[in-house]
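In: Generate a structure from the sequence data that follows.
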Amino acid sequence: MSLPPLKQRFAELIALPSVSCTQAALDQSNRPVVERLAGWLDELGFACELQEVSPGKCNLIAVLGSGPGGLVLAGHTDTVPYDEALWSSDPLRLDERDGRWFGLGACDMKGFFALAIEAVLPLLDHTRKQPLKQPLILLATCDEESSMAGARALAAAGQPLGRAAVIGEPTGLKPIRLHKGVMMERIDIVGQSGHSSDPSLGHSALEAMHAAIGELLVLRGEWQREFANPQFSVPQPTLNLGCIHGGDNPNRICGQCALEFDLRPLPGMQPEALRQAIRERLRPVAERHAVQLDYRPLFPAVPPFEEAADSELVRIAESLTGHSAEAVAFGTEAPYLQQLGCQTLVLGPGDIACAHQPDEHLALERIEPTVELLRGLIRHYCL
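Out: Reported below is the predicted structural model:
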């Protein structure tokens, strides 16, 4: 397999669908993406290991050089689902217009791998003459957009990766050393269906869910009044009602309803305390509406993340970018790489404002600065 040029690498990664989703009908394998990356990296001299996390879901660990320490350039190979009808072009085809590359994963975050490979290419002559002082590791994970299963599997295995790790999530090329936690939760309500002409014939799961949603929004307001951290652009915790499914016909009392939502707690807010507060608010709803109500997490909570402001990686990244390290509201795999002993930072070329929505893109003006930044990091940690 010959290594294609940068734009073609970008296009090939985007063309390989790899949606991860809590809805089984939308969930897809990421194996074609990691296999394509492994083929390119193997050609460049990396030792590639594919780790199957679950059927069809894989992590890729590609290592150039040997020994302890070194630099990890990390990212996830999955994307969120997409609304094709709302895109101006095919989401799975790279489209260049208005000084941008458009495509699903261009920003968040398959494109990062194409740029990381570009950063490595001119350094390969050095490695042929003289081995790297410390290894360079490219890490590509699965299911970051849903369960974080790939990063969790790495943390559970406990295999050390490197001295420092940079995750190429969209940060506008500003280093990020703090982020909120992520909790993805589900409420299932089972009522009693019946003919809609007589409400006494059933117990509406949809009406009970309406009441449950009301309680969640009241709790959200209470938490936002109680907790705030000015380091974040969104200083309060957030609660998003993500998707709801219920009923089957207008003339039937709704017998079942399910809601999935996410919570973004600030550092210091404990997931189990938040869940207990939710349970206490939902219990009276179930009793009042005479329904069965089950509340549970979809996945274990992603912890909030904080890297020390004076760590070597933060100082190097601030020097290379000219920006002070900041905080973001979205979650990443950073806490799991920290668990493996890496100083960790989130730093990538995309903008979070265009992630998870139609016409996701990467500005062409970000490409060269990203490549130079990554080369600077590789030189510092590996050469």
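In: For stretch 237-257, what is the distance to the chain centroid?
Out: 26 Å (CA atoms, centre = their mean, to the nearest Å).
In: Between the two ends of it, how far is it?
Out: Taking CA to CA, to the nearest Å as the measure, stretch 237-257 stretches 26 Å from start to finish.
In: Repeat that for stretch 34-52.
Out: With CA to CA applied, stretch 34-52 spans 11 Å between its terminal residues.
In: what does stretch 335-352 give?
Out: 19 Å.
In: before we move on, what about stretch 287-304?
Out: For stretch 287-304, the first and last residues are 34 Å from each other (CA to CA).
In: quick check: mean pLDDT across that stretch?
Out: The pLDDT scores in stretch 287-304 average 95.
In: Please point out which parts of it sit buried.
Out: Of all the residues in stretch 287-304, those buried under the rule 16 or more other CB atoms under 10 Å are 289, 291, 293, 295, 299, 301-304. In short, each C-beta sits where N, CA and C put it, glycine included.
In: what does stretch 333-349 give?
Out: 333-340, 342-349.
In: One more: stretch 8-15?
Out: Using 16+ other CB under 10 Å as the test for burial, stretch 8-15 gives 9-15.
In: Relative to residue 133, which of those residues is nearest.
Out: Distance to residue 133, by CB to CB, is smallest for residue 9 among these, at 27.3 Å.
In: where's the closest one, which helix or strand?
Out: Using DSSP states H and E, residue 9 falls within helix 6-15.
In: Count the neighbours of residue 256 for me.
Out: Each residue near residue 256 was counted by other CB atoms under 10 Å, and the total is 18.
In: Numbering from 118 from now on, please.
Out: Okay, using 118 as the starting number, the last item reads as residue 373.
In: which one of the buried residues of stretch 125-132 is nearest residue 205?
Out: Looking across those and measuring by CB to CB, the closest to residue 205 is residue 131, at 14.8 Å.
In: how close does that closest one sit to residue 155?
Out: Note on residue 131: its distance to residue 155, by CB to CB, to the nearest Å, is 18 Å.
In: just residue 489 next, same as before
Out: Taking CB to CB, one finds residue 489 at 26 Å from residue 155.
In: now swap in residue 381 and tell me
Out: Applying CB to CB to residue 381 and residue 155 gives a distance of 33 Å.
In: Repeat that for residue 432.
Out: Counting by CB to CB, the gap from residue 432 to residue 155 is 33 Å.
In: which is the next helix or strand following the helix holding residue 126?
Out: Helix 123-132 is succeeded, C-terminally, by helix 148-160 (DSSP H and E).
In: what is the orientation angle of that following helix with helix 123-132?
Out: Here helix 148-160 points in a direction 150 degrees away from that of helix 123-132 (axes from the mean of the first three to the mean of the last three CA atoms, to 10 degrees).
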